[in-house]
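Colleague: sequence and predicted model, in that order:
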Amino acid sequence: MEITRDIGELRKLLETAKRIAVVGASPRPDRDSYKVAEYLINAGYDVIPVNPGQEAVLGKKCYPDVKSIPDPVDIVDVFRQPEHMPDVVEDAIAAKAKSIWMQLDTGNREAVKRAVDAGLDVVYELCLRTVHATMRIPKRG
């Protein structure tokens, strides 16, 4: 898929994904990363919080980085500032993730190019929760 905003490709990505790592997951209910992670859990995805400063988020074990997650990840959903995105992309590549989803205001052209060059499917400047809800994708499982 590479870089996409194509509705069919986005639907396919969300319908086939099972495990989603949320990078920058926060334990604070007022934060977007918390709200999106909670939404994804309720939609039936296996959500893995990633935040080196936390032990758990939403009752799930938190990992310091994506490459520390023991099982493969389908989507790496990122809530980090653009300057941190190159490191997150390298981590996703090292973890052999299938795709990276850069939330609104997180995009970094260098990181996008690196992710595409490494073969990751890339979505950027879109909210995963909004896209999922708009498409009315049925709950998993």
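Modeller: Everything's here; your move.
Colleague: could you check how far residue 132 is from residue 86?
Modeller: Distance from residue 132 to residue 86, counting by C-beta to C-beta, to the nearest Å: 26 Å. (Each C-beta comes from the backbone N, C-alpha and C, glycine too.)
Colleague: got it, and residue 45?
Modeller: For residue 45, the distance to residue 86 (C-beta to C-beta) stands at 26 Å.
Colleague: ok, these two, which is more surrounded?
Modeller: Counted by other C-beta atoms under 10 Å, residue 45 and residue 86 do not tie: residue 45 has more neighbours, with 24 against 16.
Colleague: quick check: closest non-adjacent residue to the more buried one.
Modeller: residue 20 (5.0 Å; C-beta to C-beta, 6 or more residues apart in numbering).
Colleague: okay, now the one you found: neighbour count?
Modeller: Residues within reach of residue 20, counting by other C-beta under 10 Å, total 24.
Colleague: pick out the residue nearest the middle of the protein.
Modeller: Among the residues of the chain, the one closest to the centroid is residue 77, at 1.2 Å (C-alpha atoms, centre = their mean).
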